[in-house]
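Engineer: return a 3D structure for these sequence lines:
(2 chains)
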Amino acid sequence: DTAVSQTPKYLVTQMGNDKSIKCEQNLGHDTMYWYKQDSKKFLKIMFSYNNKELIINETVPNRFSPKSPDKAHLNLHINSLELGDSAVYFCASSLYTGKRTDTQYFGPGTRLTVL
Amino acid sequence: RKEVEQDPGPFNVPEGATVAFNCTYSNSASQSFFWYRQDCRKEPKLLMSVYSSGNEDGRFTAQLNRASQYISLLIRDSKLSDSATYLCVLYNAGNMLTFGGGTRLMVKP
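Structural biologist: As a prediction, the model looks like this:
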């Protein structure tokens, strides 16, 4: 069974559309994250939720809205898609015991292409 | 200056070679350090943590130098399957990971 799963794996859409990416983890972790990996391969944190509460919100346009219905799910909704949103989006989760050595487990990624 | 800097490579090495990567970081308050591995079109996966005393896991050795603010990864006896991008990662407060841009390694037969 996949520990952290994301859907869809590929998403091709037109500028201006609204789209959602879903993420689920079955590891029993308390904390989930969204990362963006751009064409230059830099992975940057976007959001982090702990037990359905937002704990990290980096400088991300407010067109991006995460939603956590329960601690096993963290979905990402993007409004009015722009060309610069094209990237690979990774979901991740960790136990978040407060220990700095918590390992983050990543989902397989969603490759978003905005035309 | 980027918070985490890595030579993007690629490092092209023959099988059996020893190869080393360095990574420098700017935030002296960084608490923990890791190497992640990312295969092409796949997700990053934790390779190993990095401790000041140095740590070894099979053919892989990681080292941290806090005074000079760099970490290193040494791979001995390279295998074809070691071909990947190696990401230098820092942990800061709030369980937040900061990733370097990665160093690409290609091991040739």
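Engineer: okay, and the helix or strand of chain B with the least pLDDT?
Structural biologist: The weakest-scoring helix or strand in chain B, judged by mean pLDDT, DSSP states H and E, is strand B:96-99 (a mean of 86).
Engineer: over to chain A?
Structural biologist: Ranked by mean pLDDT, DSSP H and E, the helix or strand of chain A with the weakest confidence is strand A:53-57, at a mean of 79.
Engineer: that older thread, neighbouring strands for whichever helix or strand comes after the least confident helix or strand of chain B, and are they parallel or not?
Structural biologist: The helix or strand immediately downstream of strand B:96-99 is strand B:103-108, counting by DSSP states H and E. In the sheet containing strand B:103-108, its partner strands are strand B:11-14 (parallel), strand B:84-92 (antiparallel), by DSSP bridges.
Engineer: pretty sure B:L80 contacts B:A17?
Structural biologist: No - using CB atoms under 8 Å, B:L80 is not in contact with B:A17; the gap is 11.7 Å. C-betas here are computed from N, CA, C, even on glycine.
Engineer: what does chain B have sitting close to chain A?
Structural biologist: When proximity is defined by CB under 8 Å from any CB of the partner chain, chain B lies next to chain A at B:31-32, B:41-46, B:49, B:85, B:87, B:91, B:94-99, B:101-102.
Engineer: and with 7 Å instead?
Structural biologist: B:31-32, B:43-44, B:46, B:49, B:85, B:91, B:94-97, B:99, B:101-102 (CB under 7 Å from any CB of the partner chain).
Engineer: list only those of the residues you listed flagged as buried.
Structural biologist: Among the residues of chain B next to chain A, those classed as buried by 16 or more other CB atoms under 10 Å in any protein chain shown are B:32, B:43-44, B:49, B:85, B:91, B:95, B:97, B:99, B:101-102.
Engineer: so which of those sits lowest on pLDDT?
Structural biologist: In terms of pLDDT, the least confident member of these is B:N95, at 62.
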